[in-house]
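1. Here is a sequence with its predicted model. Questions after.
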Amino acid sequence: MAAAPDLRSEFDVIAVGAGMAGLYLLHALRTAGFNALVLETGDDVGGTWYWNRYPGARCDVQSLDYQYSFDPALQDEWEWSEKYATQPEILRYLEFVADRFDLKRDIRFNTPVESARWDDAADTWTINTSDGPLTCRHYVMATGCLSVPKEPEIDGAERFTGDVYVTGKWPHEEVDFSGKRVAVIGTGSSGIQSIPLIAEQAAQVTVFQRTPNFSTPAHNGPVPQWKVDEIGPDWQAYREDARWSRGGVSMPMTQNKIL
């Protein structure tokens, strides 16, 4: 039997975005006793890991650091396969967390926000969505800082008749570049990750780079078991060390000079 649709329209808190921040926020609000709702444009959880499905997409933070720390049991219930996890694996992890804490019942998918208006007299937000208005006392944006893809602004681009893809909103189905001539604009994280895999298929790849970036080999591989064993007895101490570190991860800063 299908679950009854959620017809509520008044909430203590409404958040936008069901990515890593939005999922934790919903869990924390529930725990604190708030009547909360999350609005999500996509049809599932994941945020940046839902939208960014380009070839080679993976996290550049080590998997043991790129996971939730609010529930120690999660450390034992999920095992990462790689030191730097791929997009599909991270998405599976976020789906696992959403299911484990039954978060989806308070998330409305395929529901973009069209406008938000604060009413001083009523001390209330009115959130207009594609499915109608909602009201709340607190309105939180969990959309991240880079959630809107940057479309290229190039004179004459409208005359290009080939396929155009943006890494930040990649198709869910696989894209075949076999035998094609491909131009890639940009060498940020998504460019560095996607170019080698596109080049494996394409007949020709031309990269347009405005500013050279400095990058080093990831030395990826399986999650080091010695590190899991070392952290295992006291995850909280590891997290606390990361919290106060300069880079947000529990890792000593090297004193070696690059050049």
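-> Happy to help now that I have it.
2. Please make it C-alpha for all contacts and neighbour counts, starting now.
-> OK.
3. Tell me the secondary structure at V13.
-> Following DSSP: H, G, I helix; E, B strand; the rest coil, the label given to V13 is strand.
4. May I have the beta-bridge partners of it?
-> Using DSSP bridges, the bridge partners assigned to V13 are A36, H138.
5. how near is it to C136?
-> Noted for V13: a distance of 6 Å to C136, by CA to CA, to the nearest Å.
6. just I195 next, same as before
-> To C136, I195 is 44 Å away according to CA to CA.
7. what's F109 sitting at in phi/psi?
-> When read as degrees, to the nearest 10, the backbone of F109 gives phi -80, psi 170.
8. what do you get for S194?
-> Torsion angles, degrees, to the nearest 10, at S194: phi -90, psi -30.
9. likewise I198?
-> Backbone torsions for I198, taken as degrees, to the nearest 10, come to phi -60, psi -40.
10. can you pull the pLDDT of it?
-> Predicted confidence (pLDDT) at I198: the value is 98.
11. For the residue nearest the centre of the chain, give me its contacts.
-> With distances taken as CA atoms, centre = their mean, T48 lies nearest the centre of the chain, 2.8 Å away. By CA atoms under 8 Å, 6 or more residues apart in numbering, T48 lies in contact with G19, S147, G168.
12. any idea how far it is from G156?
-> Distance from T48 to G156, by CA to CA: 30 Å.
13. where are the low-confidence patches of the chain?
-> Counting by pLDDT under 70, the ranges of the chain that qualify are 1-6, 258.
14. mind giving me the domain ranges of it?
-> Domain ranges of the chain: 10-141, 157-208, per automatic domain parsing.
15. okay, those domains, which one's buried deepest?
-> domain 10-141 (a mean of 17; mean count of other CA atoms under 10 Å).
16. Pull up the distance across that one, start to finish.
-> The first residue of domain 10-141 is 17 Å away from its last residue (CA to CA).
17. go on, stretch 210-219?
-> End-to-end distance for stretch 210-219, by CA to CA: 27 Å.
18. Check stretch 55-69 too.
-> Across stretch 55-69, the terminal residues are separated by 29 Å (CA to CA).
19. That's all I had, so thanks and see you.
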